[in-house]
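Novice: Build me a model from this:
(2 chains)
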Amino acid sequence: MAVTTLTGAPVAAPRRARRGAAVPYLLLVPGLLWLVVFFVVPMVSLASQSLQTGDVDNGYTMTWNFATYADALSTYWPQLLRSLIYAGIATLLTLALGYPLAWFIAHRSGRYKNFLLVLVIAPFFTSFLIRTLAWQTILGDSGLLAQIALRTHTDFLLTGFKEGLKAVGLINNDQLLFSPFAVICGLTYNFLPFMVLPLYSNLERLDHRLVEAAGDLYASPVQAFRRVIWPLSLPGVVAGTLLTFIPAAGDYINSVLLGSTRTVMIGQVIDAQFLRVLDYPTAAALSFILMLIIVAFVITYVRRAGTEELV
Amino acid sequence: MNDHDNLASRAAFARGLISRRTAMMSAAGVGAAALLAACGSSGKNPTAGSATSAKKTAAAAQDMSDTEKVINWSNWPSYIDVDDKTKARPSLDAFTKQTGIKVNYTEDYNDNDEFYAKVRPLLDAGSDTGRDVWCSTDWMVARLIRLGYVQKLDLANIPNHANLEDALTQVTFDPGRLYSLPWQSGFAGIAYNPKATGGKKVESVDQLLTDPALKGKVTLLTEMRDTVGLVLMAMGKKIESFTDADFDAAIAELQKAKEAGQIKGFTGNDYTKPLASGDTAACFAWTGDVVQLRADNPNLGYTLPTTGCTLWSDNFVIPALAKHKKNAEKLINYYYDPKVMAQVVDYVNYISPVKGTKAILQVSDPSVSSNELIFPSADTLSRAHVFRGLTAEEETKYNRKFQALVTG
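Specialist: Next comes the predicted model:
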């Protein structure tokens, strides 16, 4: 480096430029290699697997059997639809819970900001499985929630809550556990940090003077939120909803541990087809269908939200 | 900022991008098709005459047992004696002391299907799995034998195999016990929590599937052979010799109970927590789990239905190309000594497959030797049956029907 700066500028400049031109591409190599090995190759083999026919004993051959897709879709569309609905509800709930929380941490927490952020991530210090099992303890018939209601003599509230859930079909009988309600609770809880963190990093950058200006121009707090804060926070909202919705739609642990035979999600079906039935083409086709639905969703969503900064 | 300019240029850019993108996509389409096809042909070709169900034989590797004094053993978690203080495994340590062979004991066998998914690509490609011995459940042994993924045991190295319990010597999936020897056995039956059943006993499969007192609080097992097996026997069928029609009838019975809302779900070992808390009132359950649950909660009830219960074993098998086959056989021989097996059973509380274990425990730990779930009486054993071995087609067909029930 010292040599180039000491030698004459006309000689050094082109050499530096040439070397500089190669550097960004060289820096890309590890990332690209990673993507090729761990994304493109598995994707191609998955696509290939989904079009093959055969069985485990005799091996699989490529027969371009697109019928697998039609069969898989016609058999498992209810589970697919259910996964998207559960993930959608869980995403809306994380947004409703996460937005005020992120706002509070970003603007109102003062010197506790870092501490609160650590608290948001703290559940990640234990395993996904343990965190999900915790909901069995909370929602069980003699679980935490029931105990609290009993001790504080507010059982009538809990009973009313259950009646409400039953009316909208989120629980089947008198159990909170092993119901769509429990599965959605688990999903919401497990993916909440994925919503809070992008929202926080977005809201933290929000220029408070804009909110003040809105107030100066006689905007009510609601109007200021609707016309100033919300539009500015959209990139955070989009990032958060994507990070929550995508893994939630493919999740199956929550449904296995907190759900019932009536809450089966597509992840469980793929797991069963791949590991238990050993029907690799159907499992691959279902994975691909789920992926295509999510990609289509992401594209329309990002376009409609109009957040170019994100992409 | 001029918004119009911005929008216009963006639109133009988009137009350009789209035309370029479509061109790229059609090119990529052609390339992808070739790539996908290549994937198929590079995959495993079906063997000539795939209709014949001729058994494939497992390849043997050159045995390094004499030069490398090690064994790599994969087993299920919490499935061997452990010293609670030192966390050492006394029976394994004694084996190493006796023979000079070091055992790399790994608890990476959590689930038959998962473990199979892990080792299949290696076995399929004809490469060493890095393991010399592991313990698979009966039906998985059947599949491994069928696919030629496990080797015949050299019984000359296992003189103690004569100690195998008579009830386990003749099994349909491995006639003559050429490939496998049981490590531990157990029953699947019905467990219930009296707190959640209102003090009621659950004594039959029929009651489990129809009693309104249990509605929505029943779980069954994701292990097809246990769940369907128990139902088949309750219907009066023999699980050693049932037909396709019997199987379908059992599935229909289960489907009916599921649609009536009687069954809440299908589980692996994770039924234990809700059962203990009372969120599950009654379920199909395995003996070993129940013995352990009862240590904390003596009120839990357990029924081995009079119509019959399933008996399963996890069996030692030696995979193709295992490098230390002879050492592994020495290990199996060691555990077939009743004194050693007694030590293991005293800790894990499953059913011993080795004759003479009970006599030793009667002296050393009578509470275990008198436990009906660990040392079943002749009467109980006469009600225990082993699910018959399935052909490849049957296995696929039955799994498909059962999973349609579980995830449908």
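
Novice: so which helix or strand takes in residue A:77?
Specialist: helix A:67-107 (DSSP states H and E).

Novice: Need the mean per-residue confidence for that helix.
Specialist: Mean pLDDT, computed over helix A:67-107, is 95.

Novice: Is any residue of that helix near chain B?
Specialist: Yes: interface with chain B: helix A:67-107 contributes A:75, A:79 (C-beta under 8 Å from any C-beta of the partner chain). Using the backbone N, CA and C atoms, a C-beta is placed for each residue, glycine as well.

Novice: which strands and helices sit next to that helix?
Specialist: Judged by 3 or more C-beta pairs under 8 Å, 6 or more residues apart in numbering or on different chains; DSSP states H and E, helix A:67-107 is in contact with helix A:113-121, helix A:180-204, helix A:230-250, helix A:266-271, helix A:280-305.

Novice: Can you lay out those as a markdown table showing mean neighbour count and mean pLDDT?
Specialist: What follows is the helices and strands packed on helix A:67-107, written out as a markdown table (neighbours: other C-beta atoms under 10 Å in any protein chain shown; pLDDT from 0 to 100):
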| stretch | mean neighbour count | mean pLDDT |
| --- | --- | --- |
| helix A:113-121 | 14 | 93 |
| helix A:180-204 | 23 | 95 |
| helix A:230-250 | 21 | 93 |
| helix A:266-271 | 24 | 94 |
| helix A:280-305 | 17 | 91 |
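
Novice: Any idea which of the ones you listed gets closest to residue A:159?
Specialist: helix A:180-204 (14.6 Å; C-beta to C-beta).

Novice: between the closest one and helix A:67-107, how many degrees?
Specialist: 50 degrees (axes from the mean of the first three to the mean of the last three C-alpha atoms, to 10 degrees).

Novice: From the chain's centroid, how far away is helix A:180-204?
Specialist: 8 Å (C-alpha atoms, centre = their mean, to the nearest Å).

Novice: Would you mark the buried spots in the helix or strand just after that helix?
Specialist: Tracing the chain past helix A:180-204, the next element assigned as helix or strand by DSSP H and E is helix A:208-216. Residues of helix A:208-216 classed as buried: A:211, A:214 (neighbour count, 16 or more other C-beta atoms under 10 Å in any protein chain shown).

Novice: Over to stretch A:31-46?
Specialist: Quick answer for stretch A:31-46 (16+ other C-beta under 10 Å): A:45-46.

Novice: Look up how far chain A lies from residue B:91.
Specialist: 30 Å (C-beta to the nearest C-beta, to the nearest Å).

Novice: quick one: the helix holding residue A:77 to helix A:280-305, angle?
Specialist: Using the same axes, to 10 degrees: helix A:67-107 against helix A:280-305 is 40 degrees.

Novice: How far away from the center of its chain is helix A:67-107?
Specialist: 8 Å.

Novice: That one vs helix A:208-216, what angle?
Specialist: Using the same axes, to 10 degrees: helix A:67-107 against helix A:208-216 is 80 degrees.

Novice: so who does the closest residue to residue A:258 other than its chain neighbours touch?
Specialist: Leaving out its chain neighbours, the residue that sits closest to residue A:258 by C-beta to C-beta, 6 or more residues apart in numbering or on different chains is residue A:182, at 4.0 Å. Shown in contact with residue A:182 (C-beta atoms under 8 Å, 6 or more residues apart in numbering or on different chains): A:135, A:139, A:176, A:258-259.

Novice: now residue B:223
Specialist: Counted by C-beta under 8 Å, 6+ apart, residue B:223 has contacts B:188, B:268.

Novice: repeat for residue A:135
Specialist: Residue A:135 neighbours (C-beta under 8 Å, 6+ apart): A:177, A:182, A:185-186, A:189, A:257-258.

Novice: Which positions in the host helix or strand of it come out as buried?
Specialist: Secondary structure from DSSP H and E places residue A:135 in helix A:128-139. Within helix A:128-139, the residues scored as buried using 16+ other C-beta under 10 Å are A:131-133, A:135-136, A:138-139.

Novice: ok, now stretch B:96-103?
Specialist: Quick answer for stretch B:96-103 (16+ other C-beta under 10 Å): B:101, B:103.

Novice: What's the end-to-end length of it?
Specialist: Taking C-alpha to C-alpha, to the nearest Å, the first and last residues of stretch B:96-103 lie 7 Å apart.

Novice: So, low pLDDT: which residues of the stretch 1-150 of chain B?
Specialist: For the stretch 1-150 of chain B, applying pLDDT under 70 flags the ranges B:1-55.

Novice: switch to 90 and redo it
Specialist: By pLDDT under 90, the weakly predicted segments of the stretch 1-150 of chain B are B:1-67, B:77-78, B:83-87, B:110-111, B:113-114, B:121, B:124-127, B:146.
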